[in-house]
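K.L.:
quick one, fold the following:
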Amino acid sequence: MKYLFQDFLENKKIYNLNEAYYNRLFRKITGEKPVPYYNIHYNNGEKFYDGNPIFSALTDGRLLRIIQEEPESQRIFLRASLEKRPEDEIDELIIILELSQEAKPLLEELIRKWLVEKEEKEVLSRFIKERLRNVTAQPGI
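P.N.:
As a prediction, the model looks like this:
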């Protein structure tokens, strides 16, 4: 596996480069500047550096949240699910992954289907179930 930003949880500079990567990826796919949805700072203004979320954006009433975990798998690790946030009734695509060259095409495809092609939830749920069937999953997630 060729992991990207491998030490992002130990090195704040790498973490910030990793965040910038997701911002560029979002712009490339959607043509829009991301509007972050989740707060990634403590009350004192210090930033979270835990990867949850590493990226979030709300666009056209659809929410994307990406949670990046420390690389440790020998195969592609990417999970995705669709949920409705009960507090505000926003549909959200949640992607949990270990970012690698091998996972990038699937990540981009999920973002495109959700935010650009505006796939219906049922259609995207089927795609996730079928496409991620053979992708590594960690127990309990």
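K.L.:
pLDDT score assigned to the residue nearest to residue 112 when sequence neighbours are not counted?
P.N.:
Closest residue to residue 112 apart from its sequence neighbours, by CB to CB, 6 or more residues apart in numbering: residue 29 at 5.4 Å. Glycine gets a C-beta too; all of them are placed from N, C-alpha and C. Listed pLDDT for residue 29 reads 98.
K.L.:
over to residue 136?
P.N.:
62.
K.L.:
over to the one 3 residues further on?
P.N.:
Predicted confidence (pLDDT) for residue 139: 44.
K.L.:
repeat for residue 76
P.N.:
In the predicted model, residue 76 carries a pLDDT score of 93.
K.L.:
quick one: it from residue 133, how far?
P.N.:
Distance, residue 76 to residue 133, using CB to CB, to the nearest Å: 12 Å.
K.L.:
compare the two (neighbour count), which wins?
P.N.:
Shown here are residue 76 and residue 133; by other CB atoms under 10 Å, residue 76 has more neighbours (19 against 8).
K.L.:
which residues are in contact with the more buried one?
P.N.:
By CB atoms under 8 Å, 6 or more residues apart in numbering, the contact set of residue 76 is 1, 98, 100, 102-103, 106, 135-136.
K.L.:
and residue 12, by the same measure?
P.N.:
residue 49.
K.L.:
shaky segments in this protein?
P.N.:
Applying pLDDT under 70 to the chain picks out residues 134, 136-141.
K.L.:
tally up the residues packed near residue 98, please.
P.N.:
Other residues close to residue 98 by other CB under 10 Å number 22.
K.L.:
next one: residue 82
P.N.:
16.
K.L.:
can I assume it is in contact with residue 110?
P.N.:
No: using CB atoms under 8 Å, residue 82 makes no contact with residue 110, being 10.3 Å away.
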